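# one predicted model, sequence on top.
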Amino acid sequence: MMKSVTLAACLATLTFINVGAALAQGAQVPFAGLQVGANSTVEIAAESLSIDQDSGKAVFAGDVVAGIENMRLSADVVEVVYAAGTEGGTGAISGLIAKGHVVFSNGVEAAEGDFADLDLEAGEIVMTGNVILTQGPNALSGQSLRIDLNTGTAHIEGRVQTIFQTGGSE
């Protein structure tokens, strides 16, 4: 028989937490071990694409789904950020800026929020606005989440709440 618990009843109220320390009790740092960088392959599908030749800006809109190595990003809108000195559509992608119903997932973990900035060159994800991070039965929420994919560290702030499942399921 599965235990049924309401989210509101189980959320511990914390004002500040280092996700790496909290998750060390059995879970991993979110998205640890992902190999994304300036040379990552990025595939994007969307309902529409707008390109501004003057600024070199490329904006995908409408049910955007992007694959970055073994990670998936979905959002309402995704702007492609090109590396310095390259023109839109012809140069290396240095990052992605996602807005609206943003979800990063690697199949095991998921991070949701209102806004995300993925810096491929720095190997960093910054999410803000109603952030929820799930790893199996564990969940964390807050207003901002910073994940350093190179060092395997993460930091969540802003009225942090958490659920950690410490026992086995029945």
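Yep, it's here.

# checking Ser55 next. Helix, strand or coil?
coil (DSSP: H, G, I helix; E, B strand; the rest coil).

# please name the nearest non-neighbouring residue to the residue nearest to the spatial centre of the chain.
Centroid-nearest residue in the chain, with C-alpha atoms, centre = their mean: Phe104, separated by 4.1 Å. Take Phe104 and drop its neighbours on the chain: the residue closest to it by C-beta to C-beta, 6 or more residues apart in numbering is Ala111, 4.7 Å away. Quick note: C-beta positions are derived from backbone N, CA and C, even for glycine.

# give the contact list for the one you found.
30-31, 103-105, 125, 127, 131-134, 145, 147 (C-beta atoms under 8 Å, 6 or more residues apart in numbering).

# show me what contacts the residue nearest to the centre of the chain?
Counting by C-beta under 8 Å, 6+ apart, Phe104 has contacts 31, 71-73, 110-111, 116, 118, 125, 127.

# same question for Ala139.
7, 132-133, 162-163.

# ok, back up a step: please name the strands paired to the helix or strand encompassing the residue nearest to Phe104 in the sheet, noting orientation.
Assigned by DSSP states H and E, Ala111 falls within strand 109-119. Counting by DSSP bridges, the strands paired with strand 109-119 are strand 93-105 (antiparallel), strand 124-135 (antiparallel).
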